[in-house]
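Engineer: no FASTA, just this:
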């Protein structure tokens, strides 16, 4: 398959089941809601070492938030429910509770309930109070700038992590420009996040390593400087840079949509902008049960 | 299907216990069986059809017409369905209610909504003492749900209130929120003496400055984030509480009752 001169490989991205949740952070203005959201989703690019993958889903207008203030919707994904709950609570406590004027609300009403403000309330040292409003419990925790309002729980649901595609280009600036265009479009899709810095990964990994202590290492098949030194290179001579976009989402369909608009945005730049191929992280089906076939998605 | 309607034919000389006439107890009963139900009326028991003309079939929608203040326990332990009452009701209306809606187009007597657990009780007129309170000797009043009074309420509103919301468009009597354990009482009118007497936790939300006991301490003026959400939750009500011009988030906060654990609060609207 070729779109606008860009070859779409007959391969698939492999993804795996995760647990996911969403929280809504509001503040006095969008600037401070975004600061709290960025803090809460910081150091959360990959479960390999961060414990979770997190990102900003979108900015919310005041009429979309529970308390009528500007807000930001964030999503967190982890390999299991316990890990997710721990990451959510730690991050909420250290990054949102501490952020001026912030409030924290559930972003998923259904699913298994996991603590959001339920345990943070103990920071109130006995002065915390709860209010049940429209059947939902909220905790009011006295803090130095007034009160921190946090919904007691949010919903944990089954999710999919690790959807991805690779952008192969003739130069590093062209690869980055294509990924930026893709991320711009993918941000418009609900229920997904791209957890890496700016949504783009330059250090895609393969499973395993020659070093026994490492369970992931550089994806040498797509490293352009190794074209002549690794036996399994997957790059043609004209490819000088490869970047990856990783997607976590609440369902396979959500990731499908995000991949489609992302790949389309890259293809719109076309071969005249140095984009040669779109490929995907494929580990022979060993990594996970969710397979995203690129050509099916773009058909 | 037309609402199951009980139209009072005669004014009873004694008080009548209406507790058998709730939706869940009448379900699957034939009209003749409903008419034959016996109600306590003073020392006697009388058949339903001696007091009421019965019509309609829908046991999930009960209408009581020509009601008077001698009809006690209307909607006692109601568990789903709607009861509408045209006229006044006696004591214990909606007592221990589990779910559903009771609408009273008149006044209510003592202990309306006492110890109710869930659901909604609306009173178009005034309510008597111990609205949403606990029965004498019991330690917990209303445990959930919402009571809306469009007129005034008597003394001891929300006595021992454990959870839930009581909204009063008019004024409340003395000892409003006495011995409150938690929950919310909002009063748009005035409040009487000994407001929040021995309250432990919970919120008394007031539109007008009260005469507070000495055991409440001023915590200053604040903008509280939960208030807009609370008012938003009232927007579906047929009440002045639903009007956006009556909502506010700037309050003077008083903590008390310091003679108890002092975790309760009285929030008084600060006009912009």
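Structural biologist: Thanks, I have the structure now. What you see is a predicted model, and the numbers here were worked out from it, not measured in a lab.
Engineer: rest of the way, CA atoms for contacts and neighbours
Structural biologist: Noted.
Engineer: tell me the pLDDT at residue A:231?
Structural biologist: For residue A:231, the pLDDT comes out at 84.
Engineer: show me the residues around it that make contact.
Structural biologist: By C-alpha atoms under 8 Å, 6 or more residues apart in numbering or on different chains, residue A:231 lies in contact with nothing.
Engineer: That one: which element?
Structural biologist: Under the criterion DSSP states H and E, no helix or strand holds residue A:231.
Engineer: Same question for residue A:189.
Structural biologist: Assigning secondary structure by DSSP H and E places residue A:189 outside every helix and strand.
Engineer: Get me the contact residues on the stretch 151-272 of chain B for chain A.
Structural biologist: Contacts of the stretch 151-272 of chain B with chain A, taken as C-alpha under 8 Å from any C-alpha of the partner chain, map to B:164, B:183, B:201-202, B:222-226, B:228-230, B:233, B:263.
Engineer: what's the closest of the residues you listed to residue B:191?
Structural biologist: Proximity of those to residue B:191 (C-alpha to C-alpha) peaks at residue B:202, which lies at 16.5 Å.
Engineer: ranges for the helices of chain A?
Structural biologist: Remark: helices assigned in chain A by DSSP state H are A:30-40, A:81-91, A:172-186, A:252-269, A:294-297.
Engineer: Can you tell me which of the residues of the stretch 151-272 of chain B next to chain A end up in strands?
Structural biologist: Under the assignment DSSP state E, these contribute B:164, B:222-223 to strands.
Engineer: Can you list the buried residues in the helix or strand bottoming out on mean pLDDT in chain A?
Structural biologist: Ranked by mean pLDDT, DSSP states H and E, the weakest helix or strand in chain A is strand A:205-207, scoring a mean of 86. Buried residues in strand A:205-207, defined by neighbour count with 16 or more other C-alpha atoms under 10 Å in any protein chain shown: A:205-206.
Engineer: quick one: contacts of it?
Structural biologist: A:215-220, A:283.
Engineer: That one pairs with which strands, and in what direction?
Structural biologist: Here strand A:205-207 has these sheet partners by DSSP bridges: strand A:216-218 (antiparallel).
Engineer: what does the strand it pairs with contact?
Structural biologist: A:203-209.
Engineer: closest to residue A:263 among the residues you listed?
Structural biologist: Among these, residue A:204 lies closest to residue A:263 (C-alpha to C-alpha), at 17.3 Å.
Engineer: Distance check, the closest one against chain B.
Structural biologist: 43 Å (C-alpha to the nearest C-alpha, to the nearest Å).
Engineer: show me the contacts for the nearest residue to that residue once chain neighbours are set aside.
Structural biologist: Closest residue in space to residue A:204, ignoring its immediate chain neighbours: residue A:219 at 5.7 Å, by C-alpha to C-alpha, 6 or more residues apart in numbering or on different chains. Residues counted as contacts of residue A:219 (C-alpha under 8 Å, 6+ apart) are A:203-206.
Engineer: what do you get if the cut-off is 10 Å, keeping everything else the same?
Structural biologist: A:203-209, A:233, A:281 (C-alpha atoms under 10 Å, 6 or more residues apart in numbering or on different chains).
Engineer: Repeat that for residue A:117.
Structural biologist: So residue A:117 contacts A:88-89, A:92-93, A:97, A:103-106, A:137-141, A:148-154 (C-alpha under 10 Å, 6+ apart).
Engineer: hmm, try it at 8 Å
Structural biologist: Contact analysis of residue A:117 by C-alpha under 8 Å, 6+ apart lists A:89, A:92, A:104, A:138-139, A:150-153.
Engineer: could you dump these to CSV with neighbour count and distance to residue B:258?
Structural biologist: Compiled in CSV, the contacts of residue A:117 are given as follows (neighbours: other C-alpha atoms under 10 Å in any protein chain shown; distance: C-alpha to C-alpha, whole Å):
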residue, neighbour count, distance to residue B:258
A:89, 19, 33
A:92, 25, 33
A:104, 29, 30
A:138, 23, 24
A:139, 26, 22
A:150, 28, 26
A:151, 24, 28
A:152, 25, 27
A:153, 23, 31
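Engineer: Would you quantify the distance from the residue nearest to residue A:204 to chain B?
Structural biologist: For residue A:219, the distance to chain B - C-alpha to the nearest C-alpha - is 49 Å.
Engineer: Which pLDDT value goes with that residue?
Structural biologist: Residue-level pLDDT assigned to residue A:219 equals 93.
Engineer: Check the one 3 residues further on too.
Structural biologist: We note a pLDDT of 95 for residue A:222 in this prediction.
Engineer: Fine by me, we can end here.
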